[in-house]
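[1] Curious how this folds, go ahead:
(one chain, ligands or ions: 2)
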Amino acid sequence: MKPTITPIDATFGATVANIDLANLDDATWKIVEDAFHTYAALVFPDQHLSQEAQVEFSSRFGDIELLRDDPNAKAVPISNQNPDGSVLKPDESRFKSLRGNEGWHIDSTYMPLAAKAGVLSAITVPPEGGETELPDMRAGYDALDEATKTRIAGLSAYHSLYQSQARLGHIVQSGTSYGYHNKGAPLRPLVKTHPVTGRKTLYAGRHAYRIPGLDDAEAEALLEELLEFTCQAPRIYQHKWTPGDLMIWDNRCIMHRARPYDFNQPRIMQATRISGDPASELAATGQDDRASGFEPSATNR
Ligand SMILES: O=C(O)CCC(=O)C(=O)O
Ligand SMILES: [Fe+2]
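    Ligands and ions are numbered 1, 2, ... in the order given. Sure thing, here's the model as predicted:
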């Protein structure tokens, strides 16, 4: 059985049918890996993978990033429900992480080693909302005018989860498993060269916050402008989930965000994340002296 690959109507992305990710032979894996590099995001309907099967599939792409302190937490639920079926309350920190996922981001850019890819599958979805949206940052970069390309060519931004969550009024405790940059926030170039395809891509999102060489207001305005410009058709795809779907995106060139939904409805997703390659996703550790003590603020990018 050969997979059927159908491009999505956007600058990137494809749906892959006629494939069983739980039983992937090496020849079919090669097709998937090539499609991942060609399309940057792939949707596989009707897979219903167990945690173990999702970890096994994800491991084909590289090392699994542990999403919590627990070394066994290779696949984690992204869910608004507690195990007893109750719904998270707005003051719970997991609720605030879910709200954080509603801002445009690239996974783990606030850690020294950013992610290579994100894998998400749907178990229970709300009747309305709760989609995942992905913009193509390669196409965003390509569409910039030459003056902007020249302006951003040498610029880098600090990335911090303390900062991005503080925008939502959520103070992440320093020294907990998430946060990670007690020695200075990672500093990452605004323009990244994809390590496999060689394409240039914008690289920012909600965790990016301060640009050495620019004053803070100017940096904020530039980051905002780049996001707003990139996240528009035809560079964007909104995935409406059906239980059993699995989606993978290349975090080195595709951003994402969850869309809001009625939090009284369950939304249960299963996530695995693939670590970046140190040669291309390891950040210079910045020396942002002001990187602690972020104050809650009202903006959410
Ligand atoms: O829940 C979603 O749609 C997005 C979750 C997310 O940000 C992730 O899996 O990295
Ligand atoms: Fe994410």
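[2] only C-alpha atoms for contact and neighbour calcs from this point on.
    Fine.
[3] Contacts only, for residue 227.
    When contacts are counted by Cα atoms under 8 Å, 6 or more residues apart in numbering, residue 227 touches 204-205.
[4] In what element of secondary structure is it found?
    Using DSSP states H and E, residue 227 sits within helix 216-230.
[5] how about the CA coordinates for the helix or strand just after that helix, as PDB?
    Remark: after helix 216-230, the chain's next helix or strand is strand 236-239, criterion DSSP H and E. The C-alpha trace of strand 236-239 is given here as PDB (Å, rounded to 0.1, in the frame of the first residue of the first chain):
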ATOM      1  CA  ILE A 236      -1.900  29.800   6.900                       C
ATOM      2  CA  TYR A 237      -3.700  26.500   7.400                       C
ATOM      3  CA  GLN A 238      -6.400  25.900  10.000                       C
ATOM      4  CA  HIS A 239      -6.800  22.200  11.000                       C
END
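[6] next structured bit after strand 236-239?
    Scanning forward in sequence from strand 236-239 by DSSP H and E, the next helix or strand is strand 246-250.
[7] Just give the number of residues close to the closest residue to ligand 1 within the stretch 1-150 of the chain.
    Nearest residue of the stretch 1-150 of the chain to ligand 1, counting by Cα to the nearest ligand atom: residue 132, 4.2 Å away. By other Cα atoms under 10 Å, the residues close to residue 132 number 19.
[8] Residue 34 too?
    For residue 34, the neighbour count with other Cα under 10 Å is 12.
[9] my hunch is that it is in a helix, does that hold up?
    Yes: assigned with DSSP: H, G, I helix; E, B strand; the rest coil, residue 34 falls within a helix.
[10] Of all the residues in this protein, which one is nearest ligand 1?
    For the chain, Cα to the nearest ligand atom, closest residue to ligand 1: residue 258, 3.7 Å.
[11] all helices in the stretch 151-300 of the chain, in order from the N-terminus.
    161-166, 216-230, 278-281 (DSSP state H, counting those that start in this stretch).
[12] What's the mean pLDDT across stretch 251-270?
    For stretch 251-270, mean pLDDT is 95.
[13] then that stretch to CSV, C-alphas only?
    What follows is stretch 251-270, C-alpha atoms only, in CSV (Å, rounded to 0.1, in the frame of the first residue of the first chain):
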residue,chain,number,x,y,z
ASN,A,251,8.9,23.7,14.2
ARG,A,252,12.0,25.0,12.3
CYS,A,253,9.8,26.8,9.8
ILE,A,254,6.1,26.6,10.9
MET,A,255,4.5,28.3,13.9
HIS,A,256,1.2,27.2,15.4
ARG,A,257,-1.5,28.2,17.9
ALA,A,258,-4.6,26.5,19.3
ARG,A,259,-7.9,28.3,18.7
PRO,A,260,-10.3,29.0,21.7
TYR,A,261,-13.3,26.8,22.5
ASP,A,262,-15.8,26.5,25.2
PHE,A,263,-13.7,25.3,28.2
ASN,A,264,-16.7,23.4,29.6
GLN,A,265,-16.3,21.0,26.6
PRO,A,266,-13.6,18.4,26.8
ARG,A,267,-10.7,18.7,24.4
ILE,A,268,-8.2,15.9,24.8
MET,A,269,-5.1,15.8,22.6
GLN,A,270,-1.9,13.7,22.8
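[14] buried ones in stretch 213-221?
    Under the neighbour-count criterion of 16 or more other Cα atoms under 10 Å, stretch 213-221 has residue 219 buried.
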